[in-house]
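In: Let me see the structure of the following:
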Amino acid sequence: MGIFAVTGLVVKLVLFILIGFSIISWAIIFFKFLQVYRANSQSSRFMEFFWKTKRFDAINEQLDRFAHSPLAVLFSEGFTELKKLMEKGTQKEDPNVISTELGGIDNIARALRRATTSESTRLEKYLTFLATTGSTAPFIGLFGTVWGIMTAFKGIGETGTASLAVVAPGIAEALIATAIGLVAAIPAVMGYNHFQHKIRVLISEMDSFSTEYLNIVQRTFARK
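Out: I've put the predicted structure just below:
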């Protein structure tokens, strides 16, 4: 704080920007940690419930228990499309089957793909800010450092001496900008990489669930 108090206006502005980046990055990290933890936890519970229950109507009635699970969202979208297709069948046909001639399976597959894209976008929201912070914060800090060193050399020129007592305070003021830039960037990069990995796993689980869902629908409801 003592060094910050004696820095120049430009370096102070740089430090304020970096501190703002850091605060927002940590807020996003805590938010994404909670979001991804809930998604993983409830998805595991949903899959256990899905394979245990097996009846689509019974599963649909219990979806509120898994509100944060992307797999539950996929099931809901697929089941909604399945009900629509069954309701479109003619009255003389069996209401519990859907015709593949009407593109029923394809309609359900498209609904699952839309849901997967929507959930992927929701899970990846705000991660771009972490990536931006990780890539730009060190350079913003470096700018503050360069500016501070320029100011220090200007002071040397004005005083006409380059003794350690004159140079050291200015260099210290300059380097604090790089330090704060790294403090902002390192957690952002680590958080971004961590959540990208977790989200890729969730997307893979959504793809697998979509395939299993379509197989079950085709075996149970579809007919030629």
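In: helices or strands up against the helix or strand hosting Gly191?
Out: When secondary structure is defined by DSSP states H and E, Gly191 falls within helix 164-220. Identification of packing neighbours for helix 164-220 by 3 or more CB pairs under 8 Å, 6 or more residues apart in numbering; DSSP states H and E yields helix 2-6, helix 9-53, helix 70-87, helix 104-124, helix 127-159. For every residue, glycine as well, the C-beta is placed using N, CA and C.
In: let's see 6 Å
Out: Contact analysis of helix 164-220 by 3 or more CB pairs under 6 Å, 6 or more residues apart in numbering; DSSP states H and E lists helix 9-53, helix 70-87, helix 104-124, helix 127-159 as its packing neighbours.
In: For the last one, buried residues please.
Out: Right, the one you point to is helix 127-159. Of the residues in helix 127-159, those with enough neighbours to count as buried (16 or more other CB atoms under 10 Å) are 127, 129-130, 133-134, 136-138, 140-145, 147-149, 151-152.
In: now for that helix, which elements pack on it?
Out: Judged by 3+ CB pairs under 6 Å, 6+ apart, helix 127-159 is in contact with helix 9-53, helix 164-220.
In: any chance of those helices in TSV, plus mean neighbour count and mean pLDDT?
Out: Putting the helices and strands packed on helix 127-159 into TSV (neighbours: other CB atoms under 10 Å; pLDDT from 0 to 100) gives the following:
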stretch	mean neighbour count	mean pLDDT
helix 9-53	17	92
helix 164-220	17	88
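In: about what we covered before: could you dump the helices and strands packed on helix 164-220 into TSV with distance to Val217 added?
Out: As requested, the helices and strands packed on helix 164-220 are exported to TSV (distance: least, CB to CB, whole Å):
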stretch	distance to Val217
helix 9-53	13
helix 70-87	6
helix 104-124	6
helix 127-159	33
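In: was I right about Val36 contacting Lys198?
Out: Yes - distance between Val36 and Lys198: 4.9 Å, which falls inside the contact criterion (CB atoms under 6 Å).
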